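Trainee: here's my sequence, what's the structure:
(one chain, ligands or ions: 2)
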Amino acid sequence: MFIVFEGGEGSGKSTQAAQLADAVSALGQVPLVTREPGGSPLAERIRDIILDDASRDIPAEAEALLFAAARADHVAEVIRPALARGDVVICDRYIDSSAAYQGAARGLGVQRIRDLSMWATGGLAPDLTVVLDVDPAVGLARARDANRLERESREFHRAVRAAFLGFAAADPDRYTVVSAGQPAAEVGEQVWRRVAPLMEQR
Ligand SMILES: Nc1ncnc2c1ncn2[C@@H]1O[C@H](COP(=O)(O)OP(=O)(O)O)[C@@H](O)[C@H]1O
Ligand SMILES: [Mg+2]
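Mentor: Ligands and ions are numbered 1, 2, ... in the order given. As a prediction, this is how the structure comes out:
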């Protein structure tokens, strides 16, 4: 089982990933919480490059390829082995983040970015993607350590939000959208309401 949290900065992805891991553990299943960009030693090094202020002027294409390179390693070294062991993999951001930020908001094209990541990962798609939806102004006010991507314009963050909602609307079987403006415990309850039936099917 491969579950991904997507959403803007400060929408609560890391918080919810940890909360879901606790619920999965309580059922006697083994959760593996991981994140992107990063999640494997090489991918964490690429993450440092991507988020570094010194990378401010890299071409959008180079940035997109760095994300894809990190993802290729993360999937091969961490996610696929965990899935093969039968763990429940919970990932904080995945392909849709690239599709929303680089594909939609930066204008590189959603399909092109998706194709790149599908090639990089051997086509590994999540069983369920939870989109945590919140006004970017609220999310950014919550997020403390502002990095390069978090300092993008308001319009950029609005485009990212619209992209995630569009992906979810196009494939309701594989997505759920949870309003992330409510308290974290309530967000977690709604997430669990969608995940619990999937866990029972296992
Ligand atoms: N539902 C919520 N309501 C209020 N604050 C929240 C909520 N979820 C998370 N937070 C807080 O907002 C900040 C960002 O949350 P985090 O989970 O790191 O978001 P993300 O990983 O999506 O950037 C953290 O300080 C966290 O404790
Ligand atoms: Mg986070």
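
Trainee: mind checking pLDDT for residue 194?
Mentor: The model reports residue 194 with a pLDDT of 97.

Trainee: ok, and what's touching the helix or strand containing it?
Mentor: If you go by DSSP states H and E, residue 194 is part of helix 184-201. Contact with helix 184-201 is made by 1, 3, 12, 15-16, 19-20, 23-24, 27, 29, 88, 127-128, 130, 132, 176, 178-180, as judged by CB atoms under 8 Å, 6 or more residues apart in numbering. Placement of C-beta: from N, CA and C, glycine included.

Trainee: from these, which land in helices?
Mentor: 15, 16, 19, 20, 23, 24 (DSSP state H).

Trainee: now the first one: closest residue in space that isn't a chain neighbour?
Mentor: On the basis of CB to CB, 6 or more residues apart in numbering, the spatially nearest residue to residue 15 that is not a chain neighbour turns out to be residue 184, at 5.3 Å.

Trainee: and the one you found, how many neighbours?
Mentor: Residues near residue 184, counting by other CB atoms under 10 Å, number 13.

Trainee: how close does it sit to ligand 1?
Mentor: To ligand 1, residue 184 is 4 Å away according to CB to the nearest ligand atom, to the nearest Å.

Trainee: next one: residue 98
Mentor: With CB to the nearest ligand atom as the criterion, residue 98 and ligand 1 are 16 Å apart.

Trainee: got it, and residue 129?
Mentor: Residue 129 is 14 Å from ligand 1, by CB to the nearest ligand atom.

Trainee: what's opposite that residue in the beta bridge?
Mentor: Listed beta-bridge partners, residue 129: residue 4, residue 175 (assigned using DSSP bridges).

Trainee: what is the burial count for it?
Mentor: 23.

Trainee: check contacts around it.
Mentor: Contacts of residue 129 by CB under 8 Å, 6+ apart are 3, 4, 5, 6, 94, 96, 167, 168, 174, 175, 176.

Trainee: near ligand 1, which residues of the chain?
Mentor: 7, 9-15, 142-143, 180, 183-184, 187 (CB under 6 Å from any ligand atom).

Trainee: quick one: buried ones out of those residues?
Mentor: Neighbour counting with 16 or more other CB atoms under 10 Å marks 7, 9, 10, 11, 12, 13, 15, 180, 187 as buried within the residues of the chain next to ligand 1.
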